[in-house]
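S.K.: coordinates only, sequence not included:
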């Protein structure tokens, strides 16, 4: 129990370090996330995955039995114009001993993206990471899985479903003063 609490705390602090400013409040209903900048579909989030409340990302989920963490986030206003390879390093701030199994440029939702799988250490604990980073409509998106190596394949199966279902919906990248 203590290890799980420490892991969630460290991941939450990592999200804060990587993403800086607090995200505007959004909501998630019927598989759709929406805030004043973004609107995207990820589909149904099935148990045992539980939603985490992390102010610096749009959606975050935790698997209580195998300690996997998934987060999906986007930023439009003030998103970086840096190349994706540079932005890739921002995602991994705080991780040490990075060992890439794969890192390749792909097409995702009609845009150039980087998909990487690697192992790295966070506070001396080894984790396996699978992530996608891409830009669309002036917005930057990160789709990330962080998992213990022993449960990576199981966690990755669910993560791949989210990535497959992920769709940016009309209205993303447009700042809306009042919504809903």
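M.R.: The structure has been received and is ready for your questions. What you see is a predicted model; the values in this text were computed from it and never measured.
S.K.: just checking, which helix or strand of the chain averages the lowest pLDDT?
M.R.: Evaluated with mean pLDDT, DSSP states H and E, the helix-and-strand set of the chain has its lowest mean pLDDT in helix 2-19, which scores a mean of 48.
S.K.: and the next helix or strand past that helix?
M.R.: Scanning forward in sequence from helix 2-19, with DSSP states H and E defining helices and strands, the next element found is strand 27-29.
S.K.: adjacent strands (with direction) for that next one?
M.R.: When pairs are called by DSSP bridges, strand 27-29 turns out to pair with strand 32-34 (antiparallel).
S.K.: immediately after the partner strand, which helix or strand?
M.R.: As assigned by DSSP H and E, the chain's next helix or strand after strand 32-34 is strand 39-41.
S.K.: beta partners for the nearest residue to residue 104 once chain neighbours are set aside?
M.R.: Nearest-residue entry for residue 104: residue 115, 5.9 Å, with adjacent residues in sequence omitted and distances by Cβ to Cβ, 6 or more residues apart in numbering. Quick note: C-beta positions are derived from backbone N, CA and C, even for glycine. The bridge-partner assignment for residue 115, based on DSSP bridges, gives residue 104, residue 132.
S.K.: what separation do you get for residue 115 and residue 39?
M.R.: Residue 115 sits at a distance of 23 Å from residue 39 (criterion: Cβ to Cβ, to the nearest Å).
S.K.: could you count how many residues lie near residue 159?
M.R.: The burial count assigned to residue 159 is 24, neighbours taken as other Cβ atoms under 10 Å.
S.K.: ok, back up a step: can you tell me which residues contact the residue nearest to residue 104?
M.R.: Remark: with contacts taken as Cβ atoms under 8 Å, 6 or more residues apart in numbering, residue 115 is in contact with 102-104, 106, 108, 130-132.
S.K.: can we see that at 6 Å?
M.R.: 104, 106, 132 (Cβ atoms under 6 Å, 6 or more residues apart in numbering).
S.K.: just the element for the second one, please.
M.R.: For residue 106, the enclosing helix or strand under DSSP H and E is strand 96-108.
S.K.: quick check, nearest of the contacts of residue 115 to residue 73?
M.R.: Top of the list for closeness to residue 73, among the contacts of residue 115 and by Cβ to Cβ, is residue 132 at 11.5 Å.
S.K.: what's the local residue count around that closest one?
M.R.: 20.
S.K.: just residue 117 next, same as before
M.R.: Applying other Cβ under 10 Å, we find 16 residues neighbouring residue 117.
S.K.: can you pull the pLDDT of it?
M.R.: For residue 117, the model assigns a pLDDT of 96.
S.K.: residues in contact with it?
M.R.: Taking Cβ under 6 Å, 6+ apart, we find residue 117 in contact with 101-102, 130.
S.K.: which one of those sits in the busiest neighbourhood?
M.R.: If you count neighbours using other Cβ under 10 Å, the busiest of those is residue 130, which has 22 neighbours.
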